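would you be able to build a 3D model of this:
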Amino acid sequence: IRARAASKRFAEMATPGEKSSDVHWRYRSPLTSRYASAEMSHNFSEQKKFSTWRKLWLYLAQVEKELGLDISEAQLEEMRGNLDNIDYEEAAAEEKKCRHDVMAHVKTFGTCCPNAAGIIHLGATSCYVGDNTDLMVMRDGCDLLLPKLARCVHHLARFAETYKSLPTLGFTHF
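Below you'll find the predicted structure:
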């Protein structure tokens with residue numbers, strides 16, 4: 001019951017006009033709805049995570065082709081065309097069967113790309129997509145945060161410079 005209530009709350013967090021499936025495009029947490037920008041929320045979303053996995057599988061296949069593996073341009077094009085086409089219900093059903101998030105998404109991506117199914121994740125470990133995606137998400141988060149932090153430091157420095165000579169009363173405790 002608690003899980004259903006939490007799921008309903010998350011679905012209700014969607015902004016007006018969004019489909020309930022669009023919640024995969026935003027990171028879901030009570031703190032997100034209060035404090036996160038739309039950009040930062042998307043950065044940590046399931047959509048960003050799983051589409052990044054797919055991009056990494058595409059990059060892997062491109063390099064494997066360059067190294068001489070039998071991978072066609074048609075297979076790569078099929079992968080390129082489905083980077084954001086993620087069926088979350090299918091992925092959840094697959095994960096329930098195989099109890100492995102990466103393999104569930106390999107199979108789900110393979111459903112979208114039947115000609116490329118045999119080369120998705122070829123020669124990789126789960127850490128290839130998991131660890132690299134985490135690093136990319138953290139890098140992108142820093143790219144979003146650092147300019148805002150720099151502006152904050154700038155404004156604080158300007159405030160301190162403006163009021164440095166103003167005597168104020170201070171309290172050490174109440």
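
now do the helices in this protein.
Taking DSSP state H as the test, the helices found in the chain are 2-12, 30-35, 38-43, 46-66, 73-80, 88-98, 101-112, 126-162.

mean pLDDT for those: which is lowest?
Ranked on mean pLDDT, the bottom entry among the helices of the chain is helix 2-12, at a mean of 47.

how about the helices of the chain, which one is nearest H173?
helix 126-162 (23.6 Å; C-beta to C-beta). All C-beta spots, glycine's among them, are computed from the backbone N, C-alpha and C.

circling back to that earlier point, now the helices of the chain as TSV including distance to H24 and mean neighbour count?
Formatted as TSV, the helices of the chain follow (distance: least, C-beta to C-beta, whole Å; neighbours: other C-beta atoms under 10 Å):
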stretch	distance to H24	mean neighbour count
helix 2-12	10	11
helix 30-35	13	11
helix 38-43	10	16
helix 46-66	4	18
helix 73-80	20	16
helix 88-98	6	14
helix 101-112	13	20
helix 126-162	15	12
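
between those helices, which gets nearest to T168?
Of all the helices of the chain, helix 126-162 sits nearest to T168, with 12.2 Å by C-beta to C-beta.

check which helices and strands the closest one is in contact with.
Secondary-structure packing of helix 126-162 (3 or more C-beta pairs under 8 Å, 6 or more residues apart in numbering; DSSP states H and E): helix 38-43, helix 46-66, helix 101-112.

among those helices, single out whichever gets nearest to E90.
Of all the helices and strands packed on helix 126-162, it is helix 101-112 that lies closest to E90, at 5.0 Å by C-beta to C-beta.

out of the helices and strands packed on helix 126-162, which comes closest to M136?
Closest to M136 of these is helix 46-66 (C-beta to C-beta; 5.8 Å).

for that closest one, packing partners?
Against helix 46-66 (3+ C-beta pairs under 8 Å, 6+ apart) you get helix 73-80, helix 101-112, helix 126-162.

in a markdown table, list those along with distance to F171.
A markdown table is the format used below for the helices and strands packed on helix 46-66 (distance: least, C-beta to C-beta, whole Å):
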| stretch | distance to F171 |
| --- | --- |
| helix 73-80 | 61 |
| helix 101-112 | 52 |
| helix 126-162 | 19 |
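
all set, thanks.
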